[in-house]
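Novice: Here is my input, please return the structure:
(chains A, B and C)
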Amino acid sequence: MTRAEADNRDLYAIADLAREFGISTRAIRFYEAKGLLSPERVGVTRVFRRRDRARLILILRGKRLGFSLRDISDYLSLYDADRSQQVHLLAGKVEERLASLEAQLSDLQTTIAELREIKKLADERLEKA
DNA sequence: GTTCTCACA
DNA sequence: TGTGAGTA
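Specialist: Residues are numbered from 1 along each chain as shown, chains lettered A, B, ... in the order given. Predicted coordinates for the structure are as follows:
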């Protein structure tokens, strides 16, 4: 199945989505258990529609950007309810995440500078010996 | 192949 | 934030 075909189809088994996105079926069930996904059922078997697939894409993107499942869940739950509140929440979370990353970057730069200084001193001692 | 639950890192 | 194992 090509990506375009996957995009147009409306019914997916859990294994289809796991394969397409390179994640485990366990992870998909885990996201459902956490309330991020709510596939239909045929009997006991999950049936995912385009909507669920779209949500899964958002989940994976959120994870890649470093957001918790809780954050992503909060965001997704506002999709139907209140879109302007959703955008508001997003803006806040993004700002928070940026601040966190910038703090990490700053810490890393401090650590790198310190290590470089140690390296410099060590190299100088080697030259004398 | 799918489901669920429990233990575990 | 998931995985492994056992079950049906």
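Novice: residues from chain A in reach of DNA strand C?
Specialist: Residues of chain A lying close to DNA strand C (C-beta under 7 Å from any atom of the strand) are A:23, A:24, A:26, A:27, A:30, A:63, A:68, A:69, A:70. Using the backbone N, CA and C atoms, a C-beta is placed for each residue, glycine as well.
Novice: at 10 Å instead, please
Specialist: A:18, A:23-31, A:33-34, A:36, A:44, A:59-60, A:62-63, A:66-73 (C-beta under 10 Å from any atom of the strand).
Novice: In chain A, which residue sits closest to DNA strand B?
Specialist: residue A:15 (2.9 Å; C-beta to the nearest atom of the strand).
Novice: in chain A, which spans are strands?
Specialist: For chain A, the strands defined by DSSP state E cover A:40-42, A:45-47.
Novice: Could you look over the ones you listed and pick the most buried one?
Specialist: strand A:45-47 (a mean of 15; mean count of other C-beta atoms under 10 Å).
Novice: Output the contacting helices and strands for that one.
Specialist: In terms of contacts (3 or more C-beta pairs under 8 Å, 6 or more residues apart in numbering; DSSP states H and E), strand A:45-47 is packed against strand A:40-42.
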